[in-house]
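K.L.:
The following comprises the amino acid sequence and a computationally predicted model.
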Amino acid sequence: MDTTAKNKILVLGREAVELPKLVDSIINDTETNAHAETNSKIQWLIDTRYFNATVEFWIDNTEQLPQTHVEFMREWLKSPTKFDNDNDSEEEEDKVARSAKEIPIDEAMATLQDHLGDVVDAIVFVFDPLVPESFADILPWARMGRVHRPEVLLCVAQNTHANNNDNSNADNKAESCGDMDRWFEWCVSNGWEWVDLTDSDPDTEYTVGRIRESLMSNQWDTMVIKKKQAEKEENAPAQLDTLAENDVADSDDFRPSGVNEQEVWDSFDSITQQLDAARIDTLHQSLFTEMPLQGQQTNRLDGPTGLDGGGTDDGQDDDVSELIARIRSMRSEISQMPDKEQARARAAELVMALARKL
């Protein structure tokens, strides 16, 4: 593996939270492959429909911070927005750099983070909410998140097996319930995604699968696009043009050639019968409604400064990014639908809503 590639996942937490087990659950519930080099390094081959990426988990245990650092973290929890950065301007970036220097870490840790920042693109911090003081261990890594900005920052609450079955921790459990809101608010304010694996709700979004999804969807330095799939999708428009040139409309008996042609058309007919024109119209409006752009007044995605217009490149980039974010959000909702047939119909409606822009 290329040791200089920015494809490392730093997994941090106290020894009691059993980090290797969590990593094992992340990589072994998929069709991906993992290979353990040492107790602290585990290679993972992410294999999706569109790309492969070789990444590496680096596992390390945190230790109790000095009391002055713990007190600093407590004060930060009282005011989670202390170092807020909602603007990506150069001025705000300088402000973040200055505020990061206020976080009390020693010189050796700062030097270590400078080296890690070149190769680490994800941090997974794990703590036991039944040991509330262990949340303060995130403090040094909050600085790394602000200075080096890895693409993925996850804060995972996970009970240790021992604490989860120890009745003597009843007081701690009650206390941690009150702390949960403060921890969650701190994470939101400081750019960390909160994943509460202690949530017993069967419909919760907080699962190991969410951690896996976040890591697999990142654009790693080692990502290799699968050529076969890419070529197939690149040629799709040409294939559609070929079909359009045929006298399809003049023949009611037109069917594509192939062994399973009837199955294909039966599936197509089944899906089209479930499409809802009103819902397609609503999806279209949701995708292409007005939105504010940086340095501009509110514009439509299809307006003079939008996707179809002649606005600035920056404005177009913002529009495209926003559109992609919306499509991903809708796709995520569709993928979580328990009824697969209904999910296919909703996916078809999303495609139809997008096709209206062609």
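P.N.:
Looks like it arrived, so ask away. Quick caveat, the model's predicted, so the values are computed rather than measured.
K.L.:
packing partners for the strand ranked longest in the chain?
P.N.:
Looking across the chain with DSSP state E, the single longest strand is strand 51-61. Strand 51-61 sits against strand 8-13, helix 19-27, strand 41-47, strand 224-225, with contacts defined as 3 or more C-beta pairs under 8 Å, 6 or more residues apart in numbering; DSSP states H and E. To be clear about C-beta, it is placed using only N, CA and C from the backbone, and glycine gets the same treatment.
K.L.:
now for the shortest one, which elements pack on it?
P.N.:
When you say that, I think you mean strand 224-225. Strand 224-225 packs on strand 51-61, going by 3+ C-beta pairs under 8 Å, 6+ apart.
K.L.:
Buried ones in the strand it packs on, by neighbour count?
P.N.:
Going by neighbour count (16 or more other C-beta atoms under 10 Å), the buried part of strand 51-61 is F51, A53, T54, V55, E56, F57, W58, I59.
K.L.:
what's in contact with it?
P.N.:
Strand 51-61 has contacts (C-beta atoms under 8 Å, 6 or more residues apart in numbering) with 1, 7-15, 19-20, 23, 27, 37, 39-46, 120, 215, 220, 222-226.
K.L.:
Between strand 41-47 and that strand, find me the angle.
P.N.:
Calculated by axes from the mean of the first three to the mean of the last three C-alpha atoms, to 10 degrees, strand 51-61 forms an angle of 160 degrees with strand 41-47.
K.L.:
got the angle between strand 51-61 and helix 19-27?
P.N.:
Strand 51-61 and helix 19-27 are oriented at 160 degrees to each other (the same axes, to 10 degrees).
K.L.:
Please save the CA atoms from strand 51-61 in CSV.
P.N.:
What follows is strand 51-61, C-alpha atoms only, in CSV (Å, rounded to 0.1, in the frame of the first residue of the first chain):
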residue,chain,number,x,y,z
PHE,A,51,-15.1,2.0,-8.1
ASN,A,52,-12.5,0.3,-6.0
ALA,A,53,-10.5,2.0,-3.3
THR,A,54,-7.9,0.5,-1.0
VAL,A,55,-7.9,2.2,2.4
GLU,A,56,-6.3,1.5,5.8
PHE,A,57,-7.6,1.7,9.3
TRP,A,58,-5.1,3.0,11.8
ILE,A,59,-6.3,2.1,15.3
ASP,A,60,-4.9,3.8,18.4
ASN,A,61,-6.0,4.2,22.0
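K.L.:
and the angle from that strand to strand 8-13?
P.N.:
30 degrees.
K.L.:
Filter the contacts of strand 51-61 down to just the buried residues.
P.N.:
7-14, 19, 23, 27, 42-44, 46, 120, 215, 220, 222-223.
K.L.:
Please tabulate the helices and strands packed on strand 51-61 in a markdown table, including the columns distance to S335 and mean pLDDT.
P.N.:
Below are the helices and strands packed on strand 51-61 laid out as a markdown table (distance: least, C-beta to C-beta, whole Å; pLDDT from 0 to 100):
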| stretch | distance to S335 | mean pLDDT |
| --- | --- | --- |
| strand 8-13 | 23 | 96 |
| helix 19-27 | 19 | 92 |
| strand 41-47 | 17 | 92 |
| strand 224-225 | 21 | 92 |
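K.L.:
Name the spans of the stretch 201-350 of the chain whose pLDDT lies under the cut-off.
P.N.:
228-273, 289-319, 321 (pLDDT under 70).
K.L.:
How many residues are close by the residue nearest to Q158 when sequence neighbours are not counted?
P.N.:
With C-beta to C-beta, 6 or more residues apart in numbering as the criterion, Q158 has its nearest non-adjacent residue at 4.5 Å, and that residue is L197. A count of nearby residues for L197, using other C-beta atoms under 10 Å, gives 18.
K.L.:
again, but for Q64
P.N.:
Neighbourhood size, Q64 [other C-beta under 10 Å]: 12.
K.L.:
For V188, see how far away it is.
P.N.:
26 Å (C-beta to C-beta, to the nearest Å).
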